[in-house]
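Participant: What would the 3D arrangement of this be:
(4 chains)
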Protein chains: 4
Amino acid sequence: MPRSSPDPNFEQRVRDSFARQRFMATLGARIVSVVPGEVLIELPWREELAQQHGVLHAGAVASIADSACGYAALSLMPAGSGVMSVEFKVNLLAPGRGERFLAIGRVRRAGRTLTVCEGTVKTIRGAEEREVAIMTATMIRLEGRPDLAD
Amino acid sequence: MPRSSPDPNFEQRVRDSFARQRFMATLGARIVSVVPGEVLIELPWREELAQQHGVLHAGAVASIADSACGYAALSLMPAGSGVMSVEFKVNLLAPGRGERFLAIGRVRRAGRTLTVCEGTVKTIRGAEEREVAIMTATMIRLEGRPDLAD
Amino acid sequence: MPRSSPDPNFEQRVRDSFARQRFMATLGARIVSVVPGEVLIELPWREELAQQHGVLHAGAVASIADSACGYAALSLMPAGSGVMSVEFKVNLLAPGRGERFLAIGRVRRAGRTLTVCEGTVKTIRGAEEREVAIMTATMIRLEGRPDLAD
Amino acid sequence: MPRSSPDPNFEQRVRDSFARQRFMATLGARIVSVVPGEVLIELPWREELAQQHGVLHAGAVASIADSACGYAALSLMPAGSGVMSVEFKVNLLAPGRGERFLAIGRVRRAGRTLTVCEGTVKTIRGAEEREVAIMTATMIRLEGRPDLAD
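Facilitator: Alright, predicted model coming up:
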């Protein structure tokens, strides 16, 4: 179902906060799209991201899924809120082998304080898509903390 | 309780496999110690690993905990085995603020195929230690796959 | 996508195994439907299932979701297999208040040994539905263990 | 490390709330001990709690671990608070076969709103103990909700 954000400026707010995540730049990840309750992050394959068998490290998989989920949550929060990860779980479904990876974060339930998100990471090789991992995550809204506002 | 590995060469095998994880070098992580069923990984703080509030990204936290857990599992596996992450969950206990981070991976139960591990990530600032995150993880042993042996 | 089971007798096999789960009878749960890769379990509300605030105990929520996921996994396994839970995680989305509860277990990825499932528990009050919880679970196939075949 | 509770009446409060969990009585579970940050629950084996192979259903394992974790969290909360499960994950380590089961819930980190707990379920057969499962759980403190105070 289409959702709406309480903050008309939600997309810019998410993109600006993402741009402050130095780790996403270190990975080479970029934000692809932001709609209320759903964020896509793309990560091109590089050998610098490999685990010992030459595929994407599960920690890199988790990293882009966590950011996608966190920003999906933020996209539905009022201006002035900050977002932090409370917990996440990743199930690895297939080795992360591909030219690029797409992490989709979606809000499953947005509460006043806690938001539950689902993430999926897919690998794309040419025309072929394959699911690499799924995530469920809990995100917390930080209120009244201008130093941590996103 | 002290454990023993079925492979007398377990430490070298773990260190060699870790050295093939290009992502650990990208993060700047190094392996500190390997004993049967327990592996320590250290990650010095760098701004390139930050999330939007300037602390260690939860994905980087998960990455070193995942590698520590995976290699703790590998340390108890027979020679010729490979190790892969099946799933992990991370609970973030405190913001990842510190000079360096230590991930401890420990085997909780080693089965023939599956190994359950617990991970802890601590932050160290001078003489002070603080827990940043805990992980529980399932690792799978790959057998008869010389291409994936660790 | 519709799936097919390697065992033409999958539905009876799942129903028979469910009938051996004494705990499902203790809860008052019954199996509603079995298709390849998806199983529905219904649990009518009873005060004997309450936690301290008078809503469905999270453990009862997890129980029906775990059985739904396990049997969804079994529905895609060859005859002679047994199924056991490796791990599951539950995120509670809303208090379990309603006349009856429906647990839907679906296979997300079926491997030779491990199957990853997603579960949802909904509460139904009259014409209204609400999501109570989501689960991700890993199930293992037991082979060559006639004593544990399901 | 020994902890202290902000509520001198914490033990009675936990025991009273446990007594209101009708589901614990349905299972046959009883509370064994309550100290600040740690709660033990015992469950004698009964066939009515079995899964299809005749061992304790993973949902029953999760149920006593969830209550032990929730009440460990409550034991450190101020009077007037209520406690609810946000999420939990269970890793099953061994089949739940034994005469009785002991769930230990311990607080790993107590925050103002969220508390992270670890649970262990052991099986006891005569003089022998075996770990059946481990849990990590997030509990939330309900404030200003006298109707949900525990």
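Participant: which residues pair with A:Arg100 across the strands?
Facilitator: A:Arg100 has these beta-bridge partners by DSSP bridges: A:Pro44, A:Ile124.
Participant: Can I get the longest strand anywhere in chain A in CSV, CA atoms only?
Facilitator: When every strand of chain A is counted residue by residue (DSSP state E), the longest turns out to be strand A:128-142. Output in CSV follows, covering the C-alpha atoms of strand A:128-142 (Å, rounded to 0.1, in the frame of the first residue of the first chain):
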residue,chain,number,x,y,z
GLU,A,128,19.3,-12.3,-13.8
GLU,A,129,18.3,-11.5,-10.3
ARG,A,130,18.8,-13.7,-7.2
GLU,A,131,18.0,-13.2,-3.5
VAL,A,132,21.2,-13.2,-1.4
ALA,A,133,19.7,-12.4,2.0
ILE,A,134,16.7,-11.3,4.0
MET,A,135,16.8,-9.1,7.1
THR,A,136,14.3,-8.2,9.8
ALA,A,137,15.3,-5.1,11.8
THR,A,138,14.1,-2.9,14.7
MET,A,139,14.9,0.8,14.4
ILE,A,140,14.4,3.3,17.2
ARG,A,141,13.4,6.9,16.8
LEU,A,142,15.5,9.4,18.7
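Participant: and A:Thr120, how many neighbours does it have?
Facilitator: Using other CB atoms under 10 Å in any protein chain shown, A:Thr120 has 18 other residues around it. (Each C-beta comes from the backbone N, C-alpha and C, glycine too.)
Participant: State the three-state secondary structure for it.
Facilitator: When the structure is reduced to helix, strand and coil (DSSP: H, G, I helix; E, B strand; the rest coil), A:Thr120 reads as strand.
Participant: Surely it and A:Thr136 touch.
Facilitator: No: A:Thr120 sits out of contact with A:Thr136 when judged by CB atoms under 8 Å, with a separation of 10.7 Å.
Participant: Now do the shared contacts for these two.
Facilitator: Taking CB atoms under 8 Å, 6 or more residues apart in numbering or on different chains as the contact rule, A:Thr120 and A:Thr136 touch no residue in common.
Participant: Okay, the residue most central in space within chain A and chain B: tell me how far apart.
Facilitator: Averaging the C-alpha coordinates of chain A gives a centre point, and the residue nearest to it by CA atoms, centre = their mean is A:Ala68 (1.1 Å). Distance check for A:Ala68 against chain B: by CB to the nearest CB, to the nearest Å, it reads 11 Å.
Participant: Briefly note if the longest strand of chain A comes near chain C.
Facilitator: Yes: for strand A:128-142 and chain C, the contact criterion (CB under 8 Å from any CB of the partner chain) is met by A:131, A:134, A:136, A:138.
Participant: Show me which parts of stretch A:61-81 are buried, residue by residue.
Facilitator: For stretch A:61-81, burial by neighbour count (16 or more other CB atoms under 10 Å in any protein chain shown) applies to A:61-77, A:81.
Participant: How far does the longest helix anywhere in chain A sit from its chain's centre?
Facilitator: In chain A, assigned by DSSP state H, the helix with the most residues is helix A:58-74. Averaging C-alpha coordinates over helix A:58-74 and over its chain gives two centres that are 3 Å apart (CA atoms, centre = their mean, to the nearest Å).
Participant: what mean pLDDT would you report for that helix?
Facilitator: Confidence over helix A:58-74 (mean pLDDT, whole number) is 98.
Participant: Does it reach chain D?
Facilitator: No: counting by CB under 8 Å from any CB, chain D has no neighbours in helix A:58-74; the shortest distance is 13.6 Å.
Participant: Report the mean confidence score over the following helix or strand past that helix.
Facilitator: Scanning forward in sequence from helix A:58-74, with DSSP states H and E defining helices and strands, the next element found is strand A:82-92. The average pLDDT for strand A:82-92 rounds to 98.
Participant: Give the other helices and strands that strand A:82-92 contacts.
Facilitator: If contacts are counted by 3 or more CB pairs under 8 Å, 6 or more residues apart in numbering or on different chains; DSSP states H and E, strand A:82-92 sits against helix A:58-74, strand A:128-142, helix B:58-74, strand B:82-92, strand C:128-142, strand D:82-92, strand D:128-142.
Participant: Show me what it pairs with in its sheet, parallel or antiparallel.
Facilitator: Strands adjacent to strand A:82-92 in the sheet, as given by DSSP bridges, are strand A:128-142 (antiparallel), strand B:82-92 (antiparallel).
Participant: Just name the most buried of those.
Facilitator: Using mean count of other CB atoms under 10 Å in any protein chain shown, the stretch among the strands paired with strand A:82-92 with the greatest mean number of neighbours is strand B:82-92 (a mean of 25).
Participant: How far does that one sit from its chain's centre?
Facilitator: So, by CA atoms, centre = their mean, the centroid of strand B:82-92 is 9 Å from its chain's centroid.
Participant: Using PDB, write down the CA coordinates of that strand.
Facilitator: Taking Å, rounded to 0.1, in the frame of the first residue of the first chain, the C-alpha atoms of strand B:82-92 are listed here in PDB:
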ATOM      1  CA  GLY B  82      35.000 -24.600   4.600                       C
ATOM      2  CA  VAL B  83      32.800 -22.300   6.600                       C
ATOM      3  CA  MET B  84      29.900 -20.000   5.600                       C
ATOM      4  CA  SER B  85      27.400 -17.900   7.600                       C
ATOM      5  CA  VAL B  86      23.900 -19.200   7.600                       C
ATOM      6  CA  GLU B  87      22.400 -16.400   9.700                       C
ATOM      7  CA  PHE B  88      23.300 -14.000  12.400                       C
ATOM      8  CA  LYS B  89      21.500 -11.500  14.700                       C
ATOM      9  CA  VAL B  90      23.000  -8.500  16.200                       C
ATOM     10  CA  ASN B  91      21.600  -6.500  19.200                       C
ATOM     11  CA  LEU B  92      23.200  -3.100  19.500                       C
END
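Participant: That strand vs helix B:58-74, what angle?
Facilitator: Using axes from the mean of the first three to the mean of the last three CA atoms, to 10 degrees, the interaxial angle of strand B:82-92 with respect to helix B:58-74 works out to 140 degrees.
Participant: which helices and strands sit right next to the helix or strand hosting A:Thr115?
Facilitator: In this structure, A:Thr115 is located in strand A:114-125 according to DSSP H and E. When contacts are defined as 3+ CB pairs under 8 Å, 6+ apart, strand A:114-125 sits against helix A:58-74, strand A:100-110, strand A:128-142.
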